[in-house]
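Undergrad: This is a predicted model, with the sequence first.
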Amino acid sequence: MENKNELSADTILEAEFEYIATTATQANEDRSKVASFYFVSVGSLIAAIFSALFDTDQDKEVLQNIYFAFCTLFGFLTILGYLTIAQLARLRTAWMDSVKAMNTIKKYYIENVETDLKPAFLWTNEYAPKGYKPGSVANYLAYQVALLSGLIFAATIFFFQLGIEQTNCLWPISIGLGIFIAILQVFFYWKVVSKTNL
């Protein structure tokens, strides 16, 4: 065991500060990525709908090709939504891994430094946030991406049905499948991040 006089409380406090600064920077970068996905997806959706409505006088075969092109575009954006959810889930688990590592260091210093450091630390393994915390910004971002991805998948199905000239139950099928995809992505996110609870 190290001599208690050789350990400095300043060292752990400096490391804690650096950790907080790093995670804050990472959170801002991640929010930026999610916002970019949001704007690209919504912009594409609006542009596609207006394009489809703008010129309906084209011949049937051309319109079908346009519908299938939209279907492909929105299918790609749905996959991008899933990958964004997976990225958010992995970033949350990586953050929790960092919390666990920092708590291990804190515990070592609490046990081996003469100064009582325990009151200085809010987060220990006992009091750290849960991996899946419904009211957290990370979860709100995941919900936002899942909802948007579900909407985009609904557009995929809508344009696919137009392409194959299936107009019966056009909206109910599209909306129903969109909701299903959104719920599925939220469930996937929950399943991944809830495993990381301390």
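TA: Alright, I've got the coordinates.
Undergrad: so where's the protein shaky on pLDDT?
TA: In the predicted model of the chain, residues 1-9, 13, 21, 24, 27-28, 31-32, 35, 48-58, 197-198 satisfy pLDDT under 70.
Undergrad: and the helix ranked longest in it, what does it pack onto?
TA: Criterion DSSP state H: the longest helix present in the chain is helix 60-112. With contacts taken as 3 or more CB pairs under 8 Å, 6 or more residues apart in numbering; DSSP states H and E, helix 60-112 sits against helix 9-54, helix 137-163, helix 170-193. (C-beta placed from N, C-alpha, C; glycine too.)
Undergrad: which of those sits most buried?
TA: Mean neighbour count (mean count of other CB atoms under 10 Å) peaks for helix 137-163 among these, with a mean of 21.
Undergrad: what angle sits between that helix and helix 60-112?
TA: Helix 137-163 runs at 160 degrees relative to helix 60-112, counting by axes from the mean of the first three to the mean of the last three CA atoms, to 10 degrees.
Undergrad: any idea how far helix 137-163 is from the chain center?
TA: Relative to its chain's centre, helix 137-163 lies at 13 Å (CA atoms, centre = their mean, to the nearest Å).
Undergrad: what do you get for stretch 123-143?
TA: Computed by CA atoms, centre = their mean, the chain-centroid distance of stretch 123-143 equals 13 Å.
Undergrad: now the end-to-end length of that stretch.
TA: 26 Å (CA to CA, to the nearest Å).
Undergrad: Just the residues contacting it, thanks.
TA: 27, 30-31, 34, 85, 88-89, 91-93, 95-96, 99-100, 102-103, 106-107, 118, 185-186, 189-190, 193-198 (CB atoms under 8 Å, 6 or more residues apart in numbering).
Undergrad: what do you get if the cut-off is 6 Å, keeping everything else the same?
TA: For stretch 123-143, contacts defined as CB atoms under 6 Å, 6 or more residues apart in numbering pick out 34, 85, 88, 92, 96, 99, 103, 189-190, 193-194, 196-198.
Undergrad: Between these, which sits nearest Gln166?
TA: Set against Gln166, the nearest of the contacts of stretch 123-143 by CB to CB is Ile85 (28.9 Å).
Undergrad: Just give me the neighbour total for that closest one.
TA: Here the neighbour count serves as a burial measure; for Ile85 (other CB atoms under 10 Å) it reads 23.
Undergrad: State the distance from it to Ile66.
TA: The gap separating Ile85 from Ile66 is 29 Å, by CB to CB, to the nearest Å.
Undergrad: Just the element for Tyr127, please.
TA: Secondary-structure assignment from DSSP states H and E places Tyr127 in no helical or strand segment.
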